[in-house]
Structures are given as C-alpha cells and as structure tokens.
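Q: everything below, folded, please.
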Amino acid sequence: MLYVCSKSVVMCAKLSEKKSTKPSSSRRYKVASKNQVVEDLQMPYETSIQKLEQIRHGMPYSTVETLSNRAELPVKRMLEYLGLPQTTYNKRKREGERLSTRDTELLLSLYELLEYGLEVFNQDHALFDNWLRKPNPALGGYMPESLFDTYTGMQEVRNSLQIIDFGNFA
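A: Have a look, this model is predicted:
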C-alpha cells in the first residue's frame with residue numbers, strides 16, 4: 001500500500017493490517033519509504049512540505065494511467081473522478097505535459113482514498129467497488145464515488161471508511 005498522506009491515515013492503515021485475516025504476502029501494495037520506487041511511480045517525500053513541493057511541481061499525465069492500473073480502475077473512470085475529458089488527457093499525455101497543481105493534488109488524494117478503501121475491504125476489489133457505487137445513508141444517500149469531485153466529499157467518504165474500519169457499518 002502506498003500512503004503519502006497524514007500520519008493519522010497511515011496509523012489507520014496499520015490498524016487495518018493487524019485486523020486482516022489475509023497473510024501479508026498476498027498484499028499487492030507495499031509501504032513506500034523515502035525515495036523508494038514503487039513500480040514505476042516514485043513518491044520522494046516523507047513530510048507534508050515535501051508533498052506540497054511535489055504537488056506544486058505537478059505530475060506527468062501518464063501518472064493517471066499508472067495510478068489507475070494500480071487501483072485496478074479503468075483510466076476513463078479515473079478521468080471522470082478528476083473531471084478531465086479523455087481527449088484532453090490523451091493530447092496532454094502525448095505532449096508530455098504535467099498535471100496542474102489542482103489535478104495533481106486531487107489525483108494523489110483520490111489515490112490515497114482508494115488505497116485506504118481497499119485496505120478497509122481487505123483488498124476485495126469487487127466488494128469495495130460495489131460499496132462505492134451504492135447509495136450510502138451515512139453520506140446523505142449519495143454514492144461514495146459521486147463525492148470524489150471535491151476534497152470535502154472525499155473526506156466524507158474517508159470518514160465513512162474509518163467508521164467501517166473501526167467496526168461500525170456505514
């Protein structure tokens with residue numbers, strides 16, 4: 001698992017690892033440490049300031065595809081979450097452009113949320129995907145994935161996942 005967020009989320013992930021019934025060797029994701037390359041994506045920061053610098057620098061458009069593959073979601077779906085048209089994505093990726101500051105931060109936040117959700121659902125992609133696409137009473141009747149367009153919405157989804165992670169159901 002790749003967490004590049006606050007220590008509280010990393011702590012939550014560690015708690016969920018302890019509760020998991022699957023052996024650790026079956027996990028697809030590993031915790032990234034400073035300057036560790038995870039597949040073809042490098043997250044060279046440990047602190048919030050280092051993360052901020054990376055966000056300001058922007059990430060290549062090809063990162064969308066990398067994160068999409070790692071989250072086992074279609075690129076089209078990730079682009080919908082980011083509010084990016086497919087044609088714009090294709091053109092900018094081909095030209096080697098970098099994501100804007102907003103899109104980089106949104107992409108990283110979304111990826112962290114998806115990673116955390118998979119941990120909560122013990123890497124069961126089908127179950128997690130089903131949860132994302134069903135109206136949720138804890139979220140005012142909204143489908144969790146419909147809230148991915150704003151940081152506030154993503155935080156509400158994270159709060160619901162934390163409730164599930166700590167033994168309550170949302």
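Q: output the below-cut-off pLDDT ranges for the protein.
A: Scanning the chain with the threshold set as pLDDT under 70 gives 1-45, 168-170.
Q: please redo it, this time with the cut-off set to 80
A: For the chain, residues meeting the criterion pLDDT under 80 lie at 1-46, 70-72, 168-170.
Q: how about the longest helix seen in it: buried residues?
A: Criterion DSSP state H: the longest helix present in the chain is helix 101-120. Within helix 101-120, the residues that count as buried by 16 or more other Cβ atoms under 10 Å are 103-120. The C-beta positions use only the backbone N, C-alpha and C, and glycine is treated the same way.
Q: could you say what helices and strands the next helix or strand after that helix packs with?
A: Per DSSP states H and E, the first helix or strand lying C-terminal to helix 101-120 is helix 125-132. If contacts are counted by 3 or more Cβ pairs under 8 Å, 6 or more residues apart in numbering; DSSP states H and E, helix 125-132 sits against helix 101-120.
Q: chain center to the helix it packs on, what's the gap?
A: 2 Å (Cα atoms, centre = their mean, to the nearest Å).
Q: just the strands in the protein please.
A: Taking DSSP state E to define them, one finds strands in the chain at 37-38, 41-42.
Q: got the angle between the longest helix of the chain and helix 125-132?
A: 120 degrees (axes from the mean of the first three to the mean of the last three Cα atoms, to 10 degrees).
Q: convert helix 101-120 to PDB, retaining C-alpha atoms only.
A: Output of helix 101-120 as PDB, limited to C-alpha atoms (Å, rounded to 0.1, in the frame of the first residue of the first chain):
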ATOM      1  CA  THR A 101      -1.400  21.700  -9.100                       C
ATOM      2  CA  ARG A 102      -5.100  21.100  -8.500                       C
ATOM      3  CA  ASP A 103      -5.300  18.000 -10.600                       C
ATOM      4  CA  THR A 104      -2.100  16.600  -9.000                       C
ATOM      5  CA  GLU A 105      -3.400  17.100  -5.500                       C
ATOM      6  CA  LEU A 106      -6.800  15.700  -6.400                       C
ATOM      7  CA  LEU A 107      -5.200  12.700  -8.100                       C
ATOM      8  CA  LEU A 108      -3.000  11.900  -5.100                       C
ATOM      9  CA  SER A 109      -5.800  12.400  -2.600                       C
ATOM     10  CA  LEU A 110      -8.100  10.200  -4.700                       C
ATOM     11  CA  TYR A 111      -5.500   7.500  -4.900                       C
ATOM     12  CA  GLU A 112      -4.800   7.600  -1.200                       C
ATOM     13  CA  LEU A 113      -8.500   7.300  -0.600                       C
ATOM     14  CA  LEU A 114      -8.900   4.300  -2.900                       C
ATOM     15  CA  GLU A 115      -5.900   2.600  -1.300                       C
ATOM     16  CA  TYR A 116      -7.300   3.100   2.100                       C
ATOM     17  CA  GLY A 117     -10.700   1.800   0.900                       C
ATOM     18  CA  LEU A 118      -9.100  -1.400  -0.400                       C
ATOM     19  CA  GLU A 119      -7.400  -1.900   2.900                       C
ATOM     20  CA  VAL A 120     -10.600  -1.500   4.700                       C
END
